[in-house]
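Colleague: I need the structure of the sequence given here:
(2 chains)
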Amino acid sequence: MVQEQRAQQGINQIVVFQLDNEYYGADIAVVREVVPLQRVTYVPRTPEYVLGVINLRGRVIPVIDLRRRLGLPVRAATKATRIAIGEVDGDQVGMVVDSVEEVARVSADAVEPPSSLLSQLDREHVLGVAQVGDRLITLLDLRQILVREERKTPVAQ
Amino acid sequence: MGSGFEITAEDIRVFLDEAEELLQTMEAGILRLENEASDPDPEVIQDIFRAAHTLKGSSATLGHQRMAELTHAMENVLDRLRKGKASVTTPLVDTLFRCLDALKVFKDEIASGEPASVNTDVLMHELASLEGTADAPTASATAAPAPAEAAVELPALTAAQQAKVNEARARGHQVFQARLDLSPEAAMPAVRAFQALLAVGDIGEIILSVPTQEEVENDKVGSDLKLLFATGESPEKVREVLQEVPEISIGTLAPYQPAAPAAAPARAPAAAEEVAAAAMAPPAPANGAAPAAEHGNNGGGPVRTTRSGMRTVRVDVEVLDNLMNTVGELVIERTRLQQVLSWLEVEREGDELSQVMSSALAQLGRLTGNLQEEIQRARMLPVENLFRKFPRMVRDIAQKAGKEINFIVRGEETELDRSVIEEIGDPLMHLLRNAVDHGIESAEERVAAGKPPAGTVILEAFHEENHIIISVRDDGRGVDPERIRASAVRKGILSEEAARRLSDPEAINLIWAPGFSTAQQVSDISGRGVGLDVVQKNIERINGSVEIRSVVGQGTEFRVKLPLTLAIIRALQVELVGTTYCIPLGSVVETDRIPTSEIQTVRQREVIVKRGEVIPLLRLAEVFGLKRAEDAGEPEEIFVVIVAVMGRQIGLVVDSLIGEGDVVIKPLGRFIGEIPGISGATIMGDGDVAIILDVSSLVNSVQGEAGRLEILAQ
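Modeller: Coordinates of the predicted model:
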């Protein structure tokens, strides 16, 4: 499986964050930085999970609601809410997460392929599940999440 | 050539830049030759000759043999023209044009690195026969080397140098003095001078050179290179070796006669090649460094500067783009500081601190303004760079269409941002093709209509307020609204009834509809499936607009309105459900408060009537699906921003007007992609992001609705 291969090639360090009381992780090479939640300008005619755009040091960066993107229930922001800035192929995209926990090391053999337990998530977005200490961490494939297939086609009203 | 210089990517880039300029000079020159065939301007011939010569030199450096050979053959023909031994005929001009085309292909070949199939044999043959048409050829280039020439001014020899001269003579070698002129166009004169030194060094011994080899290696060269050298080779061989070096010409090559420099005999008539070479050379140092830029009057030649007066540098476009972006961010930060100041002023009631800050900010504002202006200016190019290629194109299209066209270009000096120039080339080309192909009638038709047989097409650029207008105008048949209506019905774009209801200007504007073309016969030029809708789209993509004005029987004018620069635009800021949106000011006609009672509806669409015109309304909040926190009910008045695209007006309903200002356009990025109605975003003074509206797609969205044409026709 491609996903297994990807997982085994080794995510060494991951950024761990929370969404809906569960732990998720993303390759630290893809997450550029984490910034506090800031004012997001709504962009009309975009998919529901696109919250809008922010000003990141003079650059205009789109921000998505990772809960919505993954089909989790929507929740209001709290003090702990953060925007994790990911970068894929030179394009930066911000993801709103409930909180950012830590940076953890994960060895390749601690990663298991996505199980059927995670069926509510779009399985193509998940690389696998890793155990770090007593936490189970779902490893997200940001390369899949931060690239819109329908990029070219405008979103109709 | 064994010069020991490797050809780098940079060399190729310099060559391509230079070749482009030279080809354009040649093209402009040949066009002028054709127009003034009976009385050609010697300056023009000289320009073409010089360009061909330079190109010959630089292509030989790159080792492009075919290009060098072809330019050499062209040079021979041009030389005969220049000497009055041949006259400007149609076959000659045609051949020159075909050579030019071949040279362009060669240039592309060098750029792409992919070999192109061009048969130069035919061209070479044509050139050779052109050369042979007049009187018998004069003595060939190498046959008669000048026996004696003016002495070269050399510094007095040191004892060691004198010893070398004597020694060489004792060995039976001949000692020569030479002045080699470096072409003023040479991109790398020091390299050429060094090549010449190496070439001479290969066949003999250099006793003295001005500048010295060390100076040459340190890039310290003037307009020529003076040499004293000894060699066992014949003068012919020396000449041959030196002619291998591109971009230099042999000013003087004579045996060294130190005893009687003043008694040098008068210069004997030299061979054709050599006169040509001498004419290429800048004036000898004794005459002073006269600027060589006079011949560019209106021939459109590149600006030339003498070596000592080198005042320009080539800068990578990317550097300018980065500078522009940085300045854009500086402008944003300045606006932010301005905001801090206004807080300070409120809180501290104009105390000393806020006063100091205020004056510092005013100064900063002035400086950033200057900086922005200067960088914008550095990015400006005269449209001449773009317009230059059109006369040739119009000529070719006219020839193919069997029409006689008088093509007039005006306002070439008008300057535009280079990115705008890049984008505008194709649309203009299409409009010109359209004018020649469809606008101008055949000669018979014109005569029958009482017009002169030759049609006139005018391409003109000029300033208008904060914009540049480029107008393409013809005195042809004009756009017939009746024919447009018929065509629209035939193509199923409109019902017959709807078509009948259109006013004439509305009917004419149908030419912008996708897939619409009134060409009765498809030519291989205009009928390529690229319609005027694409032209319009390309122009709008750079925040420009295009309008058509036409009078049946008198002609058509396309007016392209362009922003001075792409990255920064003036925008009207409006509020929609608590958020700021920007509307490019270029498309705003007016803003108005309209009592809700004046809104009428026509077939479910809200409209207002202004000065007798029916203007459809677009409630932006609804169009964008913006939810209001609470439904405040219908206000008594609405704010309407009336925008126009190609004469079509619509009213955008907004919550309030905030003001206007310069905004730096930033893309929304690939993740969000293209959104109808939105062209980008900008960062406001308070650091928030504001969305910039795309007016033309909003107007089109109204236009696209069924029944819209009926509304307008009522």
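Colleague: Point out where the stretch 551-700 of chain B drops to low pLDDT.
Modeller: Segments of the stretch 551-700 of chain B classed as low confidence (criterion: pLDDT under 70) are B:565-567, B:631-632, B:646.
Colleague: Residue of it closest to chain A, please.
Modeller: residue B:624 (3.4 Å; C-beta to the nearest C-beta). Where you see a C-beta, it was placed from the backbone N, CA and C, and this is true even at glycine.
Colleague: Local confidence estimate at the residue of chain B positioned farthest from its centre?
Modeller: Farthest-out residue of chain B from its mean C-alpha position, per C-alpha atoms, centre = their mean: residue B:170, at 59.8 Å. The model reports residue B:170 with a pLDDT of 82.
Colleague: Residue B:443 now?
Modeller: On the pLDDT scale, residue B:443 gets 90.
Colleague: what residue ranges in the chain are flagged as low confidence?
Modeller: Answering for chain A, as no chain was given. A:1-11, A:115-123, A:148-157.
Colleague: My question was about chain B, not that one.
Modeller: B:1-6, B:132-151, B:258-311, B:465-466, B:515, B:517-530, B:565-567, B:631-632, B:646, B:703-714.
Colleague: next SSE after the longest helix seen in it?
Modeller: Identified as the longest helix of chain B according to DSSP state H is helix B:317-348. The C-terminal neighbour of helix B:317-348 among helices and strands, as given by DSSP states H and E, is helix B:352-378.
Colleague: Distance from the chain centre to that following helix, please.
Modeller: Taking C-alpha atoms, centre = their mean, to the nearest Å, one finds the center of helix B:352-378 at 33 Å from the center of the full chain.
Colleague: what does stretch B:695-703 give?
Modeller: Distance, centroid of stretch B:695-703 to centroid of chain: 32 Å (C-alpha atoms, centre = their mean).
Colleague: which parts of it are buried?
Modeller: B:695-703 (16 or more other C-beta atoms under 10 Å in any protein chain shown).
Colleague: what does stretch A:69-80 give?
Modeller: A:69-70, A:72.
Colleague: same thing with stretch B:156-176?
Modeller: For stretch B:156-176, using 16+ other C-beta under 10 Å, the buried residues are B:157, B:164-165, B:168, B:173-176.
Colleague: With just CA atoms, put it into PDB.
Modeller: Extracted as PDB, the C-alpha positions of stretch B:156-176 are listed here (Å, rounded to 0.1, in the frame of the first residue of the first chain):
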ATOM      1  CA  ALA B 156      57.300  56.000 -28.200                       C
ATOM      2  CA  LEU B 157      58.900  52.700 -27.900                       C
ATOM      3  CA  THR B 158      61.000  51.800 -24.900                       C
ATOM      4  CA  ALA B 159      64.500  50.500 -25.500                       C
ATOM      5  CA  ALA B 160      63.300  46.900 -24.900                       C
ATOM      6  CA  GLN B 161      60.500  47.300 -27.300                       C
ATOM      7  CA  GLN B 162      62.800  48.800 -29.900                       C
ATOM      8  CA  ALA B 163      65.100  45.800 -29.400                       C
ATOM      9  CA  LYS B 164      62.200  43.400 -30.000                       C
ATOM     10  CA  VAL B 165      61.400  45.200 -33.300                       C
ATOM     11  CA  ASN B 166      65.000  45.000 -34.500                       C
ATOM     12  CA  GLU B 167      65.200  41.400 -33.400                       C
ATOM     13  CA  ALA B 168      62.100  40.400 -35.300                       C
ATOM     14  CA  ARG B 169      63.200  42.200 -38.400                       C
ATOM     15  CA  ALA B 170      66.500  40.400 -38.100                       C
ATOM     16  CA  ARG B 171      64.600  37.100 -38.100                       C
ATOM     17  CA  GLY B 172      62.900  38.200 -41.400                       C
ATOM     18  CA  HIS B 173      59.600  38.900 -39.600                       C
ATOM     19  CA  GLN B 174      57.600  41.900 -40.600                       C
ATOM     20  CA  VAL B 175      56.500  44.500 -37.900                       C
ATOM     21  CA  PHE B 176      52.900  45.800 -38.200                       C
END
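Colleague: picking that back up, if we look at chain A, which of the buried residues of stretch B:695-703 are close to it?
Modeller: With C-beta under 8 Å from any C-beta of the partner chain as the criterion, the buried residues of stretch B:695-703 include none near chain A.
Colleague: Which of the residues you listed sits closest to residue B:538?
Modeller: residue B:696 (11.7 Å; C-beta to C-beta).
Colleague: Name the SS class of the closest one, please.
Modeller: helix (DSSP: H, G, I helix; E, B strand; the rest coil).
Colleague: Surely it and residue B:539 touch.
Modeller: No: using C-beta atoms under 8 Å, residue B:696 is not in contact with residue B:539, being 9.5 Å away.
Colleague: Can you work out which residues contact both of these two?
Modeller: residue B:545 (C-beta atoms under 8 Å, 6 or more residues apart in numbering or on different chains).
Colleague: what about the closest residue to chain B within chain A, is that helix, strand or coil?
Modeller: Per C-beta to the nearest C-beta, residue A:44 is where chain A lies closest to chain B, at 3.4 Å. Secondary structure, three-state DSSP: residue A:44 is coil.
Colleague: what's near enough to touch it?
Modeller: Per C-beta under 8 Å, 6+ apart, neighbours of residue A:44: B:623-626, B:675, B:677-678, B:691.
Colleague: hmm, which of those are the buried ones?
Modeller: Using 16+ other C-beta under 10 Å, the buried members of these are B:623-624, B:626, B:675, B:677-678, B:691.
Colleague: Among those, which are located in strands?
Modeller: B:678, B:691 (DSSP state E).
Colleague: Which pair in the buried ones among the contacts of residue A:44 has the greatest spatial separation?
Modeller: Farthest pair in those, by C-beta to C-beta: B:626 and B:675, 14.0 Å.
Colleague: burial count for the closest residue to residue A:91 other than its chain neighbours?
Modeller: Of all residues not flanking residue A:91 in the chain, residue B:670 sits nearest, at 5.2 Å (C-beta to C-beta, 6 or more residues apart in numbering or on different chains). Residue B:670 has 17 neighbouring residues, counting by other C-beta atoms under 10 Å in any protein chain shown.
Colleague: Then residue B:363?
Modeller: Neighbours of residue B:363 (other C-beta under 10 Å): 10.
Colleague: Next one: it from residue B:370, what distance?
Modeller: Noted for residue B:363: a distance of 11 Å to residue B:370, by C-beta to C-beta, to the nearest Å.
Colleague: Could you do residue B:453 as well?
Modeller: Relative to residue B:370, and taking C-beta to C-beta, residue B:453 is found at 54 Å.
Colleague: Then residue B:633?
Modeller: Distance from residue B:633 to residue B:370, by C-beta to C-beta: 50 Å.
Colleague: Pick out whichever of these two has more residues nearby.
Modeller: A count of neighbours by other C-beta under 10 Å puts residue B:370 above the other of residue B:633 and residue B:370, at 10 against 5.
Colleague: how close does the more buried one sit to residue B:334?
Modeller: 12 Å.
Colleague: and if you look at residue B:28?
Modeller: In terms of C-beta to C-beta, residue B:28 sits 44 Å off from residue B:334.
Colleague: now swap in residue B:385 and tell me
Modeller: From residue B:385 to residue B:334 the distance is 33 Å (C-beta to C-beta).
Colleague: Spit out the contact partners of residue B:681.
Modeller: A:41, A:43, A:53, A:60, B:665-668, B:689-692 are the contacts of residue B:681 under C-beta under 8 Å, 6+ apart.
Colleague: which element is residue B:386 on?
Modeller: Assigned by DSSP H and E, residue B:386 falls in helix B:384-387.
Colleague: For that helix, which outside residues touch it?
Modeller: For helix B:384-387, the surrounding residues in contact (C-beta under 8 Å, 6+ apart) are B:300, B:409, B:412-413, B:421, B:424-425, B:428, B:459, B:461.
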